[in-house]
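Undergrad: sequence plus the predicted model coming up.
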Amino acid sequence: MVMDNGALTSTGKHIADPICGDGAQCLAHYDIVAFFRDYHPASHLLPLLLAPPARDSSPG
């Protein structure tokens, strides 16, 4: 189960994938050095579904 994916800059910052394809200029413009995908294994699906949602403590 994919939880997040995107690109990494040279500083290690996670950013949304700008969909550059193989464009070296685009990758350089966004300072992208790698791509990432965070996921949970299939065995985590049921516990994630059964976990209670976080409570919103914001005012209003």
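TA: Structure received. Numbers count the residues shown, from 1 in each chain.

Undergrad: count of neighbours near Ile19?
TA: Other residues near Ile19 come to 8 when the count uses other CB atoms under 10 Å. (C-beta placed from N, C-alpha, C; glycine too.)

Undergrad: same deal with Ala7?
TA: 20.

Undergrad: apart from its chain neighbours, what residue comes closest to it?
TA: In space, and not counting its chain neighbours, Ala7 is closest to Ile32: 4.5 Å by CB to CB, 6 or more residues apart in numbering.

Undergrad: can you name the next helix or strand after the helix or strand hosting Gln25?
TA: Take DSSP states H and E as the rule and Gln25 turns out to sit in helix 24-29. Sequence-wise, the next helix or strand downstream of helix 24-29 (DSSP H and E) is strand 32-39.

Undergrad: ok, now how distant is the residue nearest to Ala7 from Cys26?
TA: Using CB to CB, to the nearest Å, Ile32 is found at 8 Å from Cys26.

Undergrad: circling back: return the helix holding Gln25 as PDB; C-alpha atoms alone will do.
TA: Extracted C-alpha coordinates of helix 24-29, given in PDB (Å, rounded to 0.1, in the frame of the first residue of the first chain):
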ATOM      1  CA  ALA A  24      17.600  16.900 -17.400                       C
ATOM      2  CA  GLN A  25      16.800  20.600 -17.400                       C
ATOM      3  CA  CYS A  26      13.600  20.000 -15.500                       C
ATOM      4  CA  LEU A  27      15.300  17.800 -12.900                       C
ATOM      5  CA  ALA A  28      18.000  20.500 -12.500                       C
ATOM      6  CA  HIS A  29      15.500  23.300 -12.200                       C
END
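
Undergrad: that one - what's its average pLDDT?
TA: Mean pLDDT, helix 24-29: 90.
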